[in-house]
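>>> need a 3D model of the following:
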Amino acid sequence: MMTAPVDPAKDQLLDAILPHVAFEGWAPSAFNAAVAEVDIDPAHARTLCPRGAIDLAVAYHERGDAAMVTALKQADLSEMRFRDKVAHAIRLRVRAIDDKEAVRRGTALFALPHMAPEGSKLIWGTADKIWDALGDTSRDVNWYTKRLTLSGVYASVVLYWLGDDSLDAQATDAFIDRRIDDVMQFEQVKAQVRNNQLLKPVTGPLSRLLSGIKAPNRVPEVDLPGVWRDPN
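This next block holds a predicted model:
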């Protein structure tokens, strides 16, 4: 997924707001304090962030995604099993977080009913970037199921990590392994059901139905996040 370059002034606003978020959350007052500290024209700040602190909360999440992708591309994954590559990617995403309180406040923000779609979109985006960085080539229904499953795993990991006070987040590392193991067991069950001849009268028509589902075509020439071209 292609994203537009981040304006340096927006990066400055993000750096400036973080100390305030710990006390005020991603609130208008925190955004106003950041604008004053950066000494930016308030009108320009509103152009960069029409929703104020909410847009900076989104930018903070996307900054973590970008750091994770960079670290993942630099990592030597050649000796890893695929499940370990996915687990490593999740660990890198958690390690990319440099302000736990900012994430805690962001989790509360995106749990609000009117913000839940935005929060879900961000989690989906993280899962999408992980699969893309790991070279996922699926173009059928698996494109969706992989990202949906990983979205659930990552969301649960973040919630667990927020309450983890173990040394070097060792408990979170173990939790990631357990979640990945659960996913792998689920995939094994799916394969068994799919290959079970007794269930073919049910799974056969369902498979034919699902075969019509295709991954969305991305639009490389349009540098906007979340823009797709209908393959039809």
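
>>> contacts made by the helix or strand encompassing residue 122 with the rest, please.
Assigned by DSSP states H and E, residue 122 belongs to helix 116-133. Helix 116-133 is contacted by residues 1, 54, 58, 61-62, 65, 68-69, 72-73, 86, 89-90, 93, 107, 109-111, 146-148, 150-151, 154-155, 225-226 when judged by Cβ atoms under 8 Å, 6 or more residues apart in numbering. No exception for glycine: its C-beta is placed from N, CA and C like everyone else's.

>>> now a PyMOL select for only the buried ones of those.
With 16 or more other Cβ atoms under 10 Å as the criterion, this PyMOL line picks the buried residues out of the contacts of helix 116-133:
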select buried, resi 54+58+61+62+65+68+69+72+86+89+90+93+109+110+146+147+150+151+154+155
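
>>> pretty sure residue 72 is in a helix, no?
Yes. When DSSP: H, G, I helix; E, B strand; the rest coil is applied, residue 72 is found to be in a helix.

>>> let me know whether it touches residue 87 as I believe.
No. With contact defined as Cβ atoms under 8 Å, residue 72 does not reach residue 87; the gap is 11.8 Å.

>>> what's the spacing between residue 76 and residue 88?
Using Cβ to Cβ, to the nearest Å, residue 76 is found at 10 Å from residue 88.

>>> now swap in residue 111 and tell me
Applying Cβ to Cβ, the value for residue 111 to residue 88 is 28 Å.

>>> for residue 101, same thing?
For residue 101, the distance to residue 88 - Cβ to Cβ - is 26 Å.

>>> more neighbours, those two?
The neighbour comparison of residue 101 against residue 88 (other Cβ atoms under 10 Å) goes to residue 88, with 18 against 14.
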